Structure formats: structure tokens, C-alpha cells
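*Asks:* give me a 3D structure for the following:
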Amino acid sequence: MSRLAIEGASYVVTVDDADTVLTDTTVVVEDGTITEVRPSADGPVDADEVLDARGRLLMPGLVNLHTHLPMTLLRGLAEDVDLQGFLTRVWAAEGAVMDPATVELGASLGALESLLGGCTTQLDMYFHHEAAHRGAVAAGSRHVIGPVFMDGPGPDGLAWEERIALMRAWPAAMTALGGPEVPVPAMPHATYTCSPEKLAEVARVLGEVGDGHRTLLTTHVSENAFENDDVRGRYGATPTEVLSGAGWLDGAAPFVAGHGVHLTPSDRELLAAAGGAVAHCAGSNQKLASGALHWEDVRGSGVRLGIGTDGCSSSNDLDMWQSMRQAALLARLTSGRPDVASAHEVLRAATVDGAHALGLGDLVGSVEVGKRADLVLLDLERPHLTPVHDVHALLVFAAGRSDVTDVLVDGEVVVRAGRSTRLDTADLLARARERGATAGAAARAAAEQP
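*Replies:* Predicted coordinates:
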């Protein structure tokens with residue numbers, strides 16, 4: 001049995017049900033599970049390893065509820081366009097360059113960026129999901145991914161039958177690849193790229209292969225107004241109504257709607273009744289001019305909200321601290337109220353609410369005895385974090401990824417003193433630069449084709 005003591009944290013922001021904040025506290029981790037949260041005054045802990053947390057803040061790892069990690073290699077290749085223009089450029093680039101080896105490299109790079117910034121769990125959607133999972137798990141992430149579905153061949157060139165076969169094989173393949181416990185997800189791209197009949201088939205197959213596993217359904221939903229108009233024109237229904245008709249909101253598996261900017265009131269009612277969640281990607285939505293999600297309307301409907309970054313070829317980075325801040329400020333701007341999206345609410349959205357949305361709320365998302373140790377330490381000895389008056393406001397409105405010093409995932413220290421313990425960072429960056437140059441040239445050439 002391995003025993004780790006994180007000793008003397010100046011603050012422990014637990015994000016438990018009462019939003020408890022502790023001071024001068026020691027947290028004990030045994031074989032990856034939090035077993036004690038005790039006052040440091042109780043004395044030292046007999047442990048195999050000790051992390052000195054004096055002058056630091058301990059909190060749960062951040063949960064990115066919607067991203068596309070391998071797009072790190074495509075950052076900056078689709079600028080000054082809306083969602084539809086972005087997809088046109090990016091799909092051409094992906095078809096040209098994003099083979100499994102490149103996807104694995106991009107996922108490792110994206111997972112490293114995420115972990116160094118305190119994000120321990122990512123709900124990732126990308127082609128060549130097995131390669132992406134291999135790359136992210138190598139970095140130490142709690143990485144949630146599954147097969148992507150589209151009616152047509154898509155950038156990966158797969159036929160529908162091949163995608164279904166990958167879904168059937170994924171639970172065993174995911175187990176073989178290892179990594180922290182995550183659900184088995186199915187990830188159709190959207191209701192405008194996957195027909196209602198095939199969406200229903202995906203849900204049915206997931207139910208068959210997911211027996212004995214946690215499962216999850218996720219897709220892009222109502223990201224911009226054009227999408228809503230397009231889907232209504234095809235099916236006479238909103239994207240959420242299409243999903244409901246395809247059996248996605250029957251409660252058999254947790255459901256995460258990516259973006260959800262243009263949900264109607266009846267859409268929100270459907271999601272709330274199903275216990276669904278929305279991954280709010282404020283930065284990407286603003287950058288692509290997709291619109292502004294109204295935080296108080298979604299929350300007021302009873303829909304769970306989590307925070308996402310989207311992929312970094314649309315938002316351009318994987319910074320969850322910035323995403324939290326953007327979500328809070330946008331909510332106040334659109335509502336005209338300074339009390340909407342409180343720091344408590346936003347921090348919960350980026351941690352425990354995101355974990356619950358994934359069906360992992362019993363495992364991670366808060367600092368509590370019995371949960372797995374997905375934890376982050378921040379250095380409080382910084383001018384912008386001194387003094388501390390409101391610790392939740394400090395985290396949402398002042399802290400950033402450069403303040404993260406150490407990160408644990410499943411009890412393993414995967415970032416120590418700001419450096420990965422898993423990856424040869426210099427080698428990874430060198431390979432990413434080399435492949436990125438090739439990818440950029442190929443992507444630009446592909447985008448210029450008529």
C-alpha cells in the first residue's frame with residue numbers, strides 16, 4: 001500500500017456539498033484514494049511520500065467537459081471564420097494530416113497542456129479515438145473519449161459499419177490501454193452530420209456494449225443559429241428534439257450537450273428532465289461569433305452546467321482558468337446582473353458538476369474522503385494571489401494556470417514543481433514542432449483546394 005501525505009496546505013477548497021474551505025490542513029492519499037482530511041496541527045503523518053503544501057492551495061482537479069485535444073497541432077489554422085467556415089477549413093486539414101500517429105502526438109501535447117494547467121479530466125472528441133486515448137493516458141490524464149460517428153466518411157474515411165464495429169470493440173480496447181477509470185462514451189459529431197436513425201442506432205449499440213461499464217453520450221448541440229435552422233429545415237425539430245426522438249434522453253446513459261448556446265426553453269426542459277448537462281465553451285463561442293449562452297436561463301431550467309474549452313483550433317487554448325473567467329463575465333454581461341454566475345457556481349461547474357455530468361461524481365470532482373485523488377496545488381506566494389479575502393473569487397477571477405505547481409491524477413503525481421513526471425517534454429515539443437510544420441503546410445494546401 002502506498003501512502004502519500006499532502007501536508008500543511010494553507011487552504012483546501014473542497015468543493016463538497018457545503019463548499020467547505022479548510023485552512024492549515026493535511027490530506028492523506030492511500031493507493032489513489034483520499035483517506036484523511038485532517039488539521040495539520042494533529043501532527044505529521046506516517047507516509048511513504050510527503051508533499052509540502054505550505055503556502056499553497058489544494059483543490060480538486062479541473063474537468064474540461066468539451067474539447068478536442070489533438071487539435072493542438074492545428075492551432076491557428078482556422079482564423080476569422082464562423083463555425084461553418086471553421087469546419088470547412090479544419091475538416092480539410094484533418095483529412096490531409098491527422099493520421100493515428102499524428103493524433104496520438106497531438107493528444108499527448110494537449111493532455112500535457114491541460115495537466116500543467118490543473119485540468120485532470122477531459123471529455124475529448126476526436127477521430128482515431130484509440131490513438132488519442134493512448135496519447136492522453138501516457139501524459140497521465142483521466143481521459144474520456146470514444147468513437148466519433150458521422151453519416152459520411154468524415155476526415156478519417158471510415159464507413160458507418162466500421163464506426164459501429166469500433167464502438168463494439170471499444171470497451172475492451174479501452175481497458176487494455178489502461179489509465180484512470182472513465183465511462184465508455186459514444187460521440188456522434190452532431191445532429192446535422194448524423195441522421196436520427198443512426199443516432200438511435202448509436203444509443204442502442206452503446207446500451208448493448210456498455211453493460212457492466214459506466215457509459216456516456218455526447219454530441220454538439222445548438223452551437224450556433226445556423227445549426228438550429230439547418231436541423232429544423234431537415235427534420236422539423238431542434239437538435240435537442242431530434243436527440244430526444246432518437247432515445248438519447250431516456251436516462252439510460254448520462255448526456256452532455258456540447259455548447260448548447262441556442263437551446264430553446266423546451267429544449268432546456270427536455271435536458272433537465274433527462275438529467276442532461278451542457279458544456280459551456282464561452283471562449284470558443286465568442287471567438288467564432290456563435291452567440292452567448294445565457295447562464296441564468298440554463299441553470300434556472302435545472303440543467304447542469306459544466307465548463308469546456310472546445311478544441312484549441314477554435315478557442316486557441318486549453319486554459320480552464322480563462323474559460324471559467326469568461327463564463328462568469330459573459331453571464332454577468334448578458335444578464336445585466338453582477339450576482340449571476342457566482343464564483344462558487346463557476347468553480348463547481350469546472351469541477352464537481354463536470355464530474356457528475358460525466359457520471360464520475362462519486363469518484364472525482366471534490367476533496368473528500370473516499371474519492372480518488374485528482375488534486376491540484378497552486379502557489380499562493382504570488383502578488384496577484386495576495387492577500388486572500390474570498391478564496392472562490394480568487395480562483396475564478398485571479399488565479400491562472402501558471403500558478404499550478406503540482407497535479408495528482410488517481411493519486412499519482414503527474415506534475416511536480418511545474419514539470420511532467422510522465423513525459424519527456426523536450427522530446428514531445430520537438431516532435432510536435434516538426435509534425436506541426438508539416439501539418440500546417442498540408443492543411444493550408446488542403447484548405448486552398450476548391
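
*Asks:* phi and psi next, for the closest residue to E49 other than its chain neighbours.
*Replies:* Using C-beta to C-beta, 6 or more residues apart in numbering and skipping the chain neighbours, the partner closest in space to E49 is L4 (4.8 Å). (C-beta placed from N, C-alpha, C; glycine too.) Backbone torsions for L4, taken as degrees, to the nearest 10, come to phi -120, psi 130.

*Asks:* check which helix or strand V346 maps to.
*Replies:* helix 343-349 (DSSP states H and E).

*Asks:* where does pLDDT dip in the stretch 301-450 of the chain?
*Replies:* 443, 446-450 (pLDDT under 70).

*Asks:* rerun at 90
*Replies:* Scanning the stretch 301-450 of the chain with the threshold set as pLDDT under 90 gives 312-316, 435-450.

*Asks:* elements contacting the helix or strand that the helix holding V346 is followed by?
*Replies:* Per DSSP H and E, the first helix or strand lying C-terminal to helix 343-349 is helix 352-357. In terms of contacts (3 or more C-beta pairs under 8 Å, 6 or more residues apart in numbering; DSSP states H and E), helix 352-357 is packed against strand 62-67, strand 277-280, strand 304-307.

*Asks:* most tightly packed of those strands?
*Replies:* strand 62-67 (a mean of 31; mean count of other C-beta atoms under 10 Å).

*Asks:* put the alpha carbons of the helix or strand just after that strand into CSV.
*Replies:* Next helix or strand after strand 62-67 toward the C-terminus (DSSP H and E): helix 83-97. Extracted in CSV, the C-alpha atoms of helix 83-97 (Å, rounded to 0.1, in the frame of the first residue of the first chain):
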residue,chain,number,x,y,z
LEU,A,83,-18.5,27.8,-37.1
GLN,A,84,-19.3,26.6,-40.7
GLY,A,85,-16.2,28.3,-42.1
PHE,A,86,-14.1,26.7,-39.3
LEU,A,87,-15.4,23.2,-40.1
THR,A,88,-14.7,23.6,-43.8
ARG,A,89,-11.1,24.5,-43.1
VAL,A,90,-10.5,22.1,-40.3
TRP,A,91,-12.0,19.0,-41.9
ALA,A,92,-9.9,19.5,-45.0
ALA,A,93,-6.8,19.8,-42.8
GLU,A,94,-7.7,16.8,-40.7
GLY,A,95,-8.3,14.6,-43.7
ALA,A,96,-4.9,15.6,-45.0
VAL,A,97,-2.7,15.3,-41.9
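
*Asks:* quick one: mean pLDDT for helix 83-97?
*Replies:* Mean pLDDT, helix 83-97: 74.

*Asks:* hmm, who's touching that helix?
*Replies:* 71, 73-74, 77-78, 81, 127, 154-157, 223-224, 226-227, 288, 290, 313-314, 438-439, 442-443, 445-447, 449 (C-beta atoms under 8 Å, 6 or more residues apart in numbering).

*Asks:* name the nearest residue to L293, sequence neighbours excluded.
*Replies:* Per C-beta to C-beta, 6+ apart, closest to L293 is V261, 4.8 Å.

*Asks:* whoops, N285 was the one
*Replies:* V261 (5.5 Å).

*Asks:* contacts only, for that neighbour.
*Replies:* 222-224, 285, 290-293.

*Asks:* could you turn the buried ones of the residues you listed into a ChimeraX selection?
*Replies:* Remark: buried members of those, expressed as a ChimeraX selection using 16 or more other C-beta atoms under 10 Å:
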select :222,223,224,285,290,291,293
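
*Asks:* any chance you could map the strands in the stretch 301-450 of the chain?
*Replies:* 304-307, 375-379, 404-409, 412-416, 419-420 (DSSP state E, counting those that start in this stretch).

*Asks:* now distance to A131 too, for the ones you listed, in TSV please.
*Replies:* Rendered in TSV, the data for the strands of the stretch 301-450 of the chain read as follows (distance: least, C-beta to C-beta, whole Å):
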stretch	distance to A131
strand 304-307	25
strand 375-379	27
strand 404-409	20
strand 412-416	20
strand 419-420	19
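
*Asks:* quick one, which of these is nearest to L57?
*Replies:* strand 375-379 (4.6 Å; C-beta to C-beta).

*Asks:* restricting to C-alpha, output the closest one in PDB.
*Replies:* The C-alpha trace of strand 375-379 is given here as PDB (Å, rounded to 0.1, in the frame of the first residue of the first chain):
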ATOM      1  CA  LEU A 375      -5.900  17.100  -7.000                       C
ATOM      2  CA  VAL A 376      -4.200  20.400  -7.800                       C
ATOM      3  CA  LEU A 377      -1.800  22.600  -5.800                       C
ATOM      4  CA  LEU A 378      -1.500  26.300  -6.500                       C
ATOM      5  CA  ASP A 379       1.300  28.600  -5.200                       C
END
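
*Asks:* pick out the residue nearest the middle of the protein.
*Replies:* Nearest to the geometric centre of the chain sits N64, at 2.2 Å (C-alpha atoms, centre = their mean).

*Asks:* what separates the helix holding V346 from the chain centre, distance-wise?
*Replies:* 15 Å (C-alpha atoms, centre = their mean, to the nearest Å).

*Asks:* got the buried residues for it?
*Replies:* In helix 343-349, counting by 16+ other C-beta under 10 Å, buried: 343, 345-349.

*Asks:* name the nearest of those residues relative to M59.
*Replies:* Taking the buried residues of helix 343-349 together and measuring to M59 by C-beta to C-beta, the closest member is L347, at 8.2 Å.

*Asks:* shouldn't that closest one be in contact with A393?
*Replies:* No. Taking C-beta atoms under 8 Å as the definition, L347 is not a contact partner of A393, at 9.4 Å.

*Asks:* re earlier: can you add distance to L270 and give the buried residues of helix 343-349 back as JSON lines?
*Replies:* Formatted as JSON lines, those follow (distance: C-beta to C-beta, whole Å):
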{"residue": "A343", "distance to L270": "30"}
{"residue": "E345", "distance to L270": "23"}
{"residue": "V346", "distance to L270": "25"}
{"residue": "L347", "distance to L270": "27"}
{"residue": "R348", "distance to L270": "23"}
{"residue": "A349", "distance to L270": "20"}
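
*Asks:* isn't G117 up against M324?
*Replies:* No. Assessed by C-beta under 8 Å, G117 is found out of contact with M324, at 11.4 Å.

*Asks:* for G179, give me its contacts.
*Replies:* 133, 136-137, 141-143.

*Asks:* domain ranges for this structure?
*Replies:* Split into domains by automatic domain parsing, the chain comes to 3-60+365-420, 62-357.
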